[in-house]
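Student: no FASTA, just this:
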């Protein structure tokens, strides 16, 4: 895009969540240091405000943006507003949580995905958890928001690890990525299954809720093995203290940056799509 500073909108999920705070900070720092674009970064107040996020995408599409980088709350519901943006001539890049492939195809659009392989990352974390358990041990899974592709992929990855190790998953329920919801869900599940050996949580915010319940119940660090996902900063002392066995670092600070870079490359090359790009992840273990 010659002689013009491109305008890029970054639409995230809850900006109250550590993961997306870090994503926003990383993106804004990158743009400030490079001057690569004019960035408008925005997001919802919670992890479940689908209608608000739909409105944010449409508003930015109408606001003269050249490109959008979108983290969808709902992998299906966000396809229509993304298609609307593309119809208005914007370049759109999908990061972190994949949009629904079937609906994209139905709309006749291709949107590049930049983000981690959530299935493989969750499977790797599940294998780490399984390595400290015995065949037949009872475990619980706390799932993310069911309409999100990453929640589905993380569940599937852990399910594979469970099956391979011969663990007994006695309960698996969503807590919609939220700490308070996880506390409510796990309080009920733990009362029904006090003999569990481990809990796999599809993000760190929910792992924090589980740990809060176990602390209130008088359990000690490591008595019940907990695995999370995201490597939120708040979890670092819990890793050190043994409350959290492991978590997955999907490098939130760089994911928005990679999405912006990808969008700018597409704009420079006058392309709508150039293919998906997998970003790195690392399983982080406690001391």
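Tutor: Everything's here; your move. Quick caveat: nothing in here was measured; it's all calculated off a predicted structure. Residues are numbered from 1 along each chain as shown.
Student: can you show me the helices along the stretch 101-250 of the chain?
Tutor: Counting by DSSP state H, counting those that start in this stretch, the segments of the stretch 101-250 of the chain that form helices are 101-107, 118-130, 149-165, 179-192, 204-216, 236-241.
Student: and of these, who's closest to residue 7?
Tutor: Checking these against residue 7 by CB to CB gives helix 101-107 as the closest, at 23.6 Å. In this view, the C-beta of every residue, glycine as well, is placed from N, C-alpha and C.
Student: how distant is stretch 122-138 from the center of its chain?
Tutor: Relative to its chain's centre, stretch 122-138 lies at 21 Å (CA atoms, centre = their mean, to the nearest Å).
Student: can you pull the buried residues of it?
Tutor: 122, 123, 124, 125, 126, 127, 128, 129, 130, 133, 137, 138 (16 or more other CB atoms under 10 Å).
Student: list the buried residues of stretch 211-225.
Tutor: For stretch 211-225, burial by neighbour count (16+ other CB under 10 Å) applies to 211, 212, 213, 214, 221, 224, 225.
Student: turn the residues you listed into CSV, including distance to residue 63 and pLDDT.
Tutor: Formatted as CSV, the buried residues of stretch 211-225 follow (distance: CB to CB, whole Å; pLDDT from 0 to 100):
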residue, distance to residue 63, pLDDT
211, 41, 98
212, 40, 98
213, 43, 98
214, 46, 98
221, 49, 97
224, 48, 98
225, 47, 98
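Student: let me see the contact set for the closest residue to residue 49 other than its chain neighbours.
Tutor: Nearest non-adjacent residue to residue 49, counting by CB to CB, 6 or more residues apart in numbering: residue 73, 6.9 Å away. The contact partners of residue 73, by CB atoms under 8 Å, 6 or more residues apart in numbering, come to 13, 44, 47, 48, 49, 50, 53, 97, 145, 147, 148.
Student: residue 235 too?
Tutor: Contacts of residue 235 (CB under 8 Å, 6+ apart): 204, 207, 208, 228, 244, 247.
Student: got the residues you listed as TSV, with distance to residue 176 and pLDDT columns?
Tutor: Output for the contacts of residue 235, formatted as TSV (distance: CB to CB, whole Å; pLDDT from 0 to 100):
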residue	distance to residue 176	pLDDT
204	14	97
207	14	98
208	14	98
228	15	97
244	20	98
247	19	97
